[in-house]
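> pasting a predicted model and its sequence here:
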Amino acid sequence: MSLPSTVPLSGLPDRVTIYEVGPRDGLQNEKAVVPVETKAEFIRRLVAAGLGTVETTSFVPPKWIPQLADSTELVGLLGEDALGPRRPVLVPNEKGLDRALELGLTSVAVFGSATETFARKNLNRTVAESLEMFAPVVSRAKEAGAWVRGYVSMCFGDPWEGEVPVAQVVDVCGRLMDLGCDQLSLGDTIGVGTPGHVLSLLDSLDGKGIGMERVAVHFHDTYGQALSNTMTALARGVTVVDASTGGLGGCPYAKSATGNLATEDLVWALNGLGIETGVDLDQLVSTSVWMAQQLGRPSPSRVVKALAGAATTAGGQG
C-alpha cells in the first residue's frame, strides 16, 4: 500500500495525539442499531491499529440516543480494554457519572454548547443551567481521580443562530474550564469554520489563559474545511485532534452536521509531514472497510476510497 512522501514543514508539532471518536460520535447518528458485539470489535480493531485514545460510548438515557443504549453491556464486553485512562466516555449528568464510576471507568467527558438554542435542543437547558449541571459532575469525577474533558459545540456557527461571536465562545469555554476540566475540545459542529476563524478563536482562548496544551479541535467536514482547519490549529500549537474512522458521524440534534474529519485522511496528511501518531494506516483502512461493510455503505473517507480501491485493483491484476 502506497504512502505519501515525507516532507516536513516547520512550525508544526513532532507528534499529534488522535482522539478517536468513531465508536461514540461516529455511530450515535446511525438509524439502524449497530450490534454491541460489532461495536466492541470496532473498538478492538481501532486500538490494534495504534489509536491510543478511543472514546467508546456515552452514558445517556436510551430515549436520547437509542444507538448508545447498550453502553453498560459494551463496557462489559470490552473488559480491561475499557478501563484504561485513554478510554473516555461521555456523561451528561451525575447519573451518567455514577454509572461510569461504578464500572471502574477513569476518563469522562461532558458536552456543552456555545449557543443557547443548541443547549436547549441538546440538553433541554440554558447554557448557564448546563454549566450548573456539569459542575458536580466534574467535581466528583476529579475527586474520584478521573480525567475530564469538556466539549463545547457550535464554536464556529449555529444552524439556528448563525454566526457565533468569538467572545461568546471564549466565555463559555472559560466557564467550563473553570469547573476543573483537564482538556477542552472545540467543536465545529456544522463544519462552517475556516482557518482565519480558527486562529482567531485559538488566539482569544490563549489570551484568556487557556493554553494550547489544554485544547483539542473537533472539525466536521461539511464544507471540506476540516483538514485545513486542523493544520491551522497544529501550527498554532494544538497537538490533540478529534477524528472519526471512515469519517463517520454527525449530530442527532443538528441535521446540517455531516461527518467528522476522517481519521485516515488525517493520518495520511500527518504521515506526509513526518508527524508521529502511532497509527498503522494499513490496519486503520482495513478497519474502516470492515466497518463500512457492517453499516452497508462505503466509507466517505477519501483516503479509504483511494487506498482500498488501489488494493482491489492490484489484487485484480495479480
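Structure's in. What do you need?

> which residue ranges form the helices in the protein?
36-48, 71-78, 94-102, 116-123, 127-143, 166-177, 195-207, 226-235, 263-272, 281-295, 302-317 (DSSP state H).

> can you tell which of these is closest to residue 16?
Residue 16 lies closest, by C-beta to C-beta, to one member of those: helix 263-272, at 5.8 Å. Every residue, glycine included, has its C-beta placed from N, CA and C.

> residue 86 against residue 55, yeah?
No: using C-beta atoms under 8 Å, residue 86 makes no contact with residue 55, being 9.5 Å away.

> of these two, who's got more company?
Using other C-beta atoms under 10 Å as the criterion, residue 86 and residue 55 rank with residue 55 on top: 24 against 16.

> and the pLDDT for the more buried one?
On pLDDT, residue 55 comes in at 98.

> roughly how far apart are it and residue 279?
16 Å (C-beta to C-beta, to the nearest Å).

> which intervals of the stretch 1-150 of the chain have sub-threshold pLDDT?
Along the stretch 1-150 of the chain, segments meeting pLDDT under 70 span 1-2.

> for the stretch 151-300 of the chain, same thing?
Looking at the stretch 151-300 of the chain by pLDDT under 70, you get 250-258.

> buried deepest among the helices of the chain, which one?
The highest mean neighbour count among the helices of the chain, using mean count of other C-beta atoms under 10 Å, belongs to helix 263-272: a mean of 23.

> how many neighbours does residue 242 have?
Counted with other C-beta under 10 Å, residue 242 comes out at 28.

> ok, residue 81 - contacts?
Contacts for residue 81 (C-beta atoms under 8 Å, 6 or more residues apart in numbering) come out as 43-44, 47, 87.

> widest-spaced pair of those residues?
Maximum pairwise distance in the contacts of residue 81, criterion C-beta to C-beta, is 11.6 Å, between 44 and 87.

> what is in contact with those two at once?
Joint contacts of residue 44 and residue 87 (C-beta under 8 Å, 6+ apart) are 78, 81.

> tell me which residues of stretch 142-151 are tucked away?
By 16 or more other C-beta atoms under 10 Å, the buried positions in stretch 142-151 come out as 142, 146-151.

> how far does that stretch stretch from start to finish?
End-to-end distance of stretch 142-151 (C-alpha to C-alpha, to the nearest Å): 16 Å.

> hang on, the earlier thing: same list, the helices of the chain, but as a markdown table with distance to residue 185 please.
Formatted as a markdown table, the helices of the chain follow (distance: least, C-beta to C-beta, whole Å):
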| stretch | distance to residue 185 |
| --- | --- |
| helix 36-48 | 18 |
| helix 71-78 | 20 |
| helix 94-102 | 17 |
| helix 116-123 | 15 |
| helix 127-143 | 14 |
| helix 166-177 | 10 |
| helix 195-207 | 12 |
| helix 226-235 | 11 |
| helix 263-272 | 15 |
| helix 281-295 | 21 |
| helix 302-317 | 23 |
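
> between those, which one is closest to residue 215.
Nearest to residue 215, of all these, is helix 195-207, at 6.5 Å by C-beta to C-beta.

> isn't residue 141 right up against residue 97?
Yes: counting by C-beta under 8 Å, residue 97 is a contact partner of residue 141 at 6.0 Å.

> list residues touching both of these two?
Common neighbours of residue 141 and residue 97, using C-beta under 8 Å, 6+ apart, are 91, 108.

> can you get me a residue count around residue 161?
Number of residues near residue 161 (other C-beta under 10 Å) recorded here: 14.

> can you check residue 182 too?
15.

> residue contacts, it?
147-149, 214.

> tell me the one of those residues nearest residue 244?
Lowest distance from residue 244 to those (C-beta to C-beta) belongs to residue 149, with 15.8 Å.

> who does the closest one bridge with?
residue 109, residue 183 (DSSP bridges).
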